[in-house]
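*Asks:* model this:
(chains A and B)
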Amino acid sequence: MLTNLSDETFEQFLLLASVQNTINLGNITFIDPFGMVGVLETGRYYKSMNAARNMVLPNSSHVLKYLERMDFFKHCRRFFSIQPETQAISGRYLRKKFSDVLLEITPIEKSDDIHFIVSKVKKRAHNILSSHLHYDENRINGFIVSLSEVCQNIIEHSENTGFVGIQKYHFQKYKMNVVKIAVMDLGIGFSGSLSDRVSLIGDLEAIEMALLQGVSRHSDEGRGHGLAAVRKFVQNWNGKISIRSGTAKVSIIPSWSWGKSREQDLIHFPGAQINIMLPEV
Amino acid sequence: MITYNLYSILNNEIGNGSTDLVTRQSGRVIREKIETDLTSEKDGTVVALDFSSVGIVDYSCADEIVAKLVSRLLGGEYGDKYIMLKGINENQKENIEVALERKDLAVMAEMRDGNKALMGDLNNYLRETLQHIMKKGRVTAKDLSEAIGLESNTSGTRLLNLHKKRLVIRTDETRSGGKVWAYEPL
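*Replies:* Numbering: from 1, shown residues only, chains lettered A, B, ... in the order given. The predicted structure follows:
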């Protein structure tokens, strides 16, 4: 049974969700923004297929508190039947005055949502990005612009909607703070988006073309720069970016992190699943 | 010079309380409003897009507003007008320059500290010529030839190219009984 839910265990989670009507998160002791938006998008996906799943909530009160702080329960009832039924969860846990949450799980459905996201992150940037990651103004600007661009991909390319969440963590092992950004949608994915311009390409090639070469579904000059600029920002600041779409995943991995740079033949999941980790400087 | 306050346009056209120029969709709406206003200005008008009350500018919005406006201005879509940027901070400059450089464009800007700067792509000899015009204030091909030792044809071509890029204003003046073109900074 899964005990943590992040991009590293997402494949196991998808496998469970594909064969079980009830997704049991009872033993979960750690969940990050990618895990949370992954659960929500999986629930949304199965509901859209008329195969809505049930969810057993984590037993850990710490995890429940964190889920509440991240506004997870605000969204999950739309996609899951929750067991045990816990109507009292919302509002049960008071928010910490000095939370590590940079952005609660937030839907991305229209351009206005990105204005809202940018405004909110700007307000909290000093508390988290300056204090804990030691970012200066220029780097905070790069962070927010990258966030805006990565979220816009959903509106510009996915033909669907999605979620984003951001949280700061302290990695005990490396004695450093990191910020994790997770962005997901259930759209047409990278190969679907590029199919009008490039014929018959697989998921892996499509992700690489968009991420590494700045290829866009739109042929006009000036397009396709957003994701390539996000990659440059992440690489410049020694961060990690992983993009999963369809059955493939491409990661750019700094020396302090781990993982495979290319993965194929994963369980098919629609849309794009993006995970970004940025360390303190 | 006529100033378009981008914060006011953002507020009026998008109206969601944001101070940031983000998303391609917002950029499109703002550009269309600017285009409508721009076409009703008189020929020869310099329009300054004022960023001083704006926060973040992302690449997509910079491309949609600045790069597309400059590109269409050079294509003659707005008539004989000029566009410059005003009230730009260093972070905004960085993102707008990326959008301009991808399309091989350049635009004049007045930074938030009042200094004038060229943003985007321009080859070295045109940069040198532009700097000379900015220093002197008003320059003819003859002036430029004398100042930096160029053939008068070459000077004329350089000045004309800067004007075609809408980086300098061209007016005519009478010297020694004949009409000559004179070039001035925006």
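*Asks:* residues of the stretch 1-150 of chain A that sit close to chain B?
*Replies:* A:111-112, A:114-116, A:118-119, A:122, A:137-138, A:141, A:144-145, A:148-149 (CB under 8 Å from any CB of the partner chain). Every residue, glycine included, has its C-beta placed from N, CA and C.
*Asks:* one more time with 10 Å, if that's ok
*Replies:* Within the stretch 1-150 of chain A, the positions lying close to chain B (CB under 10 Å from any CB of the partner chain) are A:110-119, A:121-122, A:137-142, A:144-149.
*Asks:* which among those residues count as buried?
*Replies:* Burial of the residues of the stretch 1-150 of chain A next to chain B was assessed by neighbour count (16 or more other CB atoms under 10 Å in any protein chain shown); the buried members are A:111-119, A:121-122, A:139-142, A:144-149.
*Asks:* from the residues of the stretch 1-150 of chain A next to chain B, which land in helices?
*Replies:* Per DSSP state H, helices hold the following members of those: A:111-119, A:121-122, A:137-142, A:144-149.
*Asks:* touching, residue A:276 and residue A:230? I think so.
*Replies:* Yes: between residue A:276 and residue A:230 there is a contact at 7.7 Å, judged by CB atoms under 10 Å.
*Asks:* mutual contacts of the two, please.
*Replies:* In terms of CB atoms under 10 Å, 6 or more residues apart in numbering or on different chains, residue A:276 and residue A:230 are both contacted by the residues A:146-147, A:150, A:181, A:239, A:241, A:243.
*Asks:* what's the neighbour count on the nearest residue to residue B:8 once chain neighbours are set aside?
*Replies:* In space, and not counting its chain neighbours, residue B:8 is closest to residue B:53: 8.0 Å by CB to CB, 6 or more residues apart in numbering or on different chains. Other residues lying near residue B:53 total 13 when counted by other CB atoms under 10 Å in any protein chain shown.
*Asks:* equivalent analysis for residue B:175, please.
*Replies:* Residues lying near residue B:175 (other CB under 10 Å) number 12.
*Asks:* residue contacts, it?
*Replies:* B:140, B:142-143, B:182.
*Asks:* what helix or strand does residue B:17 sit in?
*Replies:* Using DSSP states H and E, residue B:17 falls within no helix or strand.
*Asks:* now it: how far from residue A:116?
*Replies:* 9 Å (CB to CB, to the nearest Å).
*Asks:* the nearest residue to residue B:5 once chain neighbours are set aside pairs with what?
*Replies:* Of all residues not flanking residue B:5 in the chain, residue B:50 sits nearest, at 4.9 Å (CB to CB, 6+ apart). Residue B:50 has these beta-bridge partners by DSSP bridges: residue B:5, residue B:86.
*Asks:* quick check: residue B:50 touching residue B:83?
*Replies:* No: applying CB under 10 Å as the test, residue B:50 and residue B:83 come out as separate, 11.8 Å apart.
*Asks:* confirm residue B:28 sits in a strand?
*Replies:* No: counting by DSSP: H, G, I helix; E, B strand; the rest coil, residue B:28 falls outside a strand, being helix.
*Asks:* so what's residue A:80 closest to, chain neighbours aside?
*Replies:* Closest residue to residue A:80 apart from its sequence neighbours, by CB to CB, 6+ apart: residue A:55 at 4.1 Å.
*Asks:* can you tell me how far the one you found sits from residue B:59?
*Replies:* Taken as CB to CB, the span from residue A:55 to residue B:59 is 38 Å.
*Asks:* domains in chain B, by residue range?
*Replies:* Using automatic domain parsing, the domain ranges for chain B come out as B:1-121, B:123-186.
*Asks:* CSV for these, including mean pLDDT?
*Replies:* Formatted as CSV, the domains of chain B follow (pLDDT from 0 to 100):
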stretch, mean pLDDT
domain B:1-121, 96
domain B:123-186, 94
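*Asks:* just the ones you listed: most buried one?
*Replies:* With neighbours defined as mean count of other CB atoms under 10 Å in any protein chain shown, the domains of chain B peak in mean count at domain B:1-121, which reaches a mean of 19.
*Asks:* you'd agree residue A:20 is up against residue A:14?
*Replies:* No: counting by CB under 10 Å, residue A:14 is not a contact partner of residue A:20; they are 11.2 Å apart.
*Asks:* beta partners of residue A:170?
*Replies:* residue A:177.
*Asks:* who are the contact partners of it?
*Replies:* Residue A:170 touches A:100, A:132, A:176-178, A:280, counting by CB under 10 Å, 6+ apart.
*Asks:* out of those, name the two that are farthest from one another.
*Replies:* Of all pairs drawn from the contacts of residue A:170, the greatest distance, 14.0 Å, lies between A:100 and A:176 (CB to CB).
*Asks:* give me the common contacts of those two.
*Replies:* By CB under 10 Å, 6+ apart, the residues touching both residue A:100 and residue A:176 are A:132, A:169-170.
*Asks:* for the residues you listed, could you give me TSV that also reports pLDDT?
*Replies:* Shown next, in TSV, are these (pLDDT from 0 to 100):
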residue	pLDDT
A:132	91
A:169	91
A:170	91
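*Asks:* which of these lies closest to residue B:156?
*Replies:* Among those, residue A:132 lies closest to residue B:156 (CB to CB), at 58.5 Å.
*Asks:* can you report how many residues neighbour that closest one?
*Replies:* Residues near residue A:132, counting by other CB under 10 Å: 18.
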